[in-house]
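[1] sequence first, then the predicted structure:
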Amino acid sequence: METPVVISLPIASHSFALAHVIPLGCSKMFIGGLNWETDDNSLQGYFSQFGRVASSSIMRDPSGRSRGFAFLTFEDPASVNAVMAKEHVLDGKIIDPKRAIPRAEHIKSQKIFVGGLAPTVTNASLKAFFTDYGTVMDAHVMFDRETNRNKGFGFVTFEDDEGVERAMGATGQELDGKPVSSSPRRVKPSKRGDRY
């Protein structure tokens, strides 16, 4: 089963990207804007008009108080479409149901972090070094804006996962006469765009 993550909410214990467009077969929903008094029975009772509810969970703080949102899973993904077709009021409050898209664990970044770079390393020399492991799409050494000096680390983006895996397996290699510290590490895809 895929691990959930809430994106655009300040909650780290759940992981679902929120959107109104999802792949076919997704039957999980994020329900926001809940009345503080809404309980699991009223939540399931309301949403059962759209289809059989497999599970629901109102998120609570350590004291047991509702955090104002829940996750709900239908047995049939078509029920999600029925929910999305109209506005909803539950326990006297307008609620905001959204489709929950599980983060695909198999989607991996093709970018790696490389530390321990010599001060002489440039974008070109970094790219040339890593072409031994696969097709390099981009190589970027980080520089200090004020001093314009190499910060000793950079990022390399490969065309495919095979290049990433080969590069991550490289240990004890030297670039411009300095060992690249530790092995390169895969960079997680950014939620806010690519900023290096």
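    Arrived safely, thanks for sending.

[2] CA atoms for contacts and neighbours, from now on please.
    Will do.

[3] who does Lys111 bridge with?
    Under the criterion DSSP bridges, Lys111 forms beta bridges with Thr157.

[4] where does the prediction get shaky in this protein?
    1-25, 101-108, 170-171, 181-196 (pLDDT under 70).

[5] outline the domain layout of it.
    Annotated domains of the chain cover 16-102, 111-186 [automatic domain parsing].

[6] save the ones you listed as JSON lines, and put in mean neighbour count too.
    Supplementary listing: those in JSON lines, determined by neighbours: other C-alpha atoms under 10 Å:
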{"stretch": "domain 16-102", "mean neighbour count": "16"}
{"stretch": "domain 111-186", "mean neighbour count": "17"}
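
[7] these two touch, right, Val53 and Ala78?
    No: between Val53 and Ala78 there is no contact under C-alpha atoms under 8 Å: 11.9 Å.

[8] please report phi then psi for the closest residue to Ser27 other than its chain neighbours.
    Spatial nearest neighbour of Ser27, excluding adjacent residues (C-alpha to C-alpha, 6 or more residues apart in numbering): Pro77 at 4.2 Å. Backbone torsions of Pro77, given as degrees, to the nearest 10, read phi -60, psi -30.

[9] test my guess that Asp138 contacts Val156.
    Yes: using C-alpha under 8 Å, Asp138 makes contact with Val156 at a distance of 5.8 Å.

[10] overlap in contacts, these two.
    Taking C-alpha atoms under 8 Å, 6 or more residues apart in numbering as the contact rule, the neighbours common to Asp138 and Val156 are Lys127.

[11] then Phe155 would be within a strand, right?
    Yes: using DSSP: H, G, I helix; E, B strand; the rest coil, the assignment for Phe155 is a strand.

[12] contact partners for it?
    111-114, 139-141, 196.

[13] name the element the residue nearest to it when sequence neighbours are not counted belongs to?
    Counting by C-alpha to C-alpha, 6+ apart, Phe113 is the residue found nearest to Phe155 once chain neighbours are left out, at 4.7 Å. Secondary structure from DSSP states H and E places Phe113 in strand 111-115.
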